[in-house]
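J.: kindly return the folded structure for what I paste below:
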Amino acid sequence: MAANAELEVEIVAADHFVWSGAATMVKGRTSDGEIGILPGHSPVLAILEEGELVIQPVSGDRLVVGVDGGFFSVDSNRVVIVADNARIGGSVTAEAR
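T.: Numbering: from 1, shown residues only. Okay, the predicted model is just below:
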């Protein structure tokens with residue numbers, strides 16, 4: 001079934017919505033190291049480290065989102081990322097503050 005081959009992804013920052021949509025893969029860095037999420041992944045709740053999230057949408061080009069911390073939750077093919085700061089396309093360091 002197509003629904004089982006997709007992740008429902010939502011990314012929000014402390015003060016704004018960043019991105020949501022269907023994806024086939026999400027990759028990011030947690031306090032325990034890099035994590036890759038595919039459909040069917042077991043539930044996870046992790047602390048998100050500063051770095052880049054990589055999302056492969058079901059349709060369209062790969063998306064890179066720079067984050068500077070937060071948390072990462074996976075449950076039932078739903079990925080929710082809540083970042084302190086986030087920006088599509090790259091780093092959220094000094095130039096974004």
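J.: tell me where this structure has strands.
T.: 7-13, 17-30, 33-37, 44-57, 63-75, 78-83, 86-88 (DSSP state E).
J.: V74: neighbour count?
T.: 20 (other CB atoms under 10 Å). C-beta here means a position set from N, CA and C on the backbone, and glycine is covered the same way.
J.: that one: what's its closest spatial neighbour, skipping adjacent residues?
T.: Nearest residue to V74, sequence neighbours excluded (CB to CB, 6 or more residues apart in numbering): V44, at 4.3 Å.
J.: quick one: the one you found from G36, how far?
T.: Using CB to CB, to the nearest Å, V44 is found at 11 Å from G36.
J.: what pLDDT does the residue lying closest to G51 once chain neighbours are set aside get?
T.: Excluding the flanking residues, the one nearest G51 by CB to CB, 6+ apart is R29, at 4.2 Å. What the model reports for R29 is a pLDDT of 95.
J.: could you give the number of residues near R29?
T.: R29 has 17 neighbours, counted by other CB under 10 Å.
J.: which residues sit in contact with it?
T.: For R29, the contacting residues are 35, 48-52, by CB atoms under 8 Å, 6 or more residues apart in numbering.
J.: and of the residues you listed, the nearest to S59?
T.: E52 (21.1 Å; CB to CB).
J.: show me the beta-bridge partners of that closest one.
T.: G66 (DSSP bridges).
J.: pLDDT value on the closest residue in space to R78 that isn't next to it in sequence, please?
T.: In space, R78 comes closest to E8 once its chain neighbours are excluded; the distance is 4.7 Å by CB to CB, 6+ apart. With respect to pLDDT, E8 scores 98.
J.: from D68, how far out is E8?
T.: Using CB to CB, one obtains 24 Å as the distance from E8 to D68.
J.: quick revisit: from the contacts of R29, which two are the most distant?
T.: Farthest-apart pair in these is I35 and E50; separation 14.6 Å (CB to CB).
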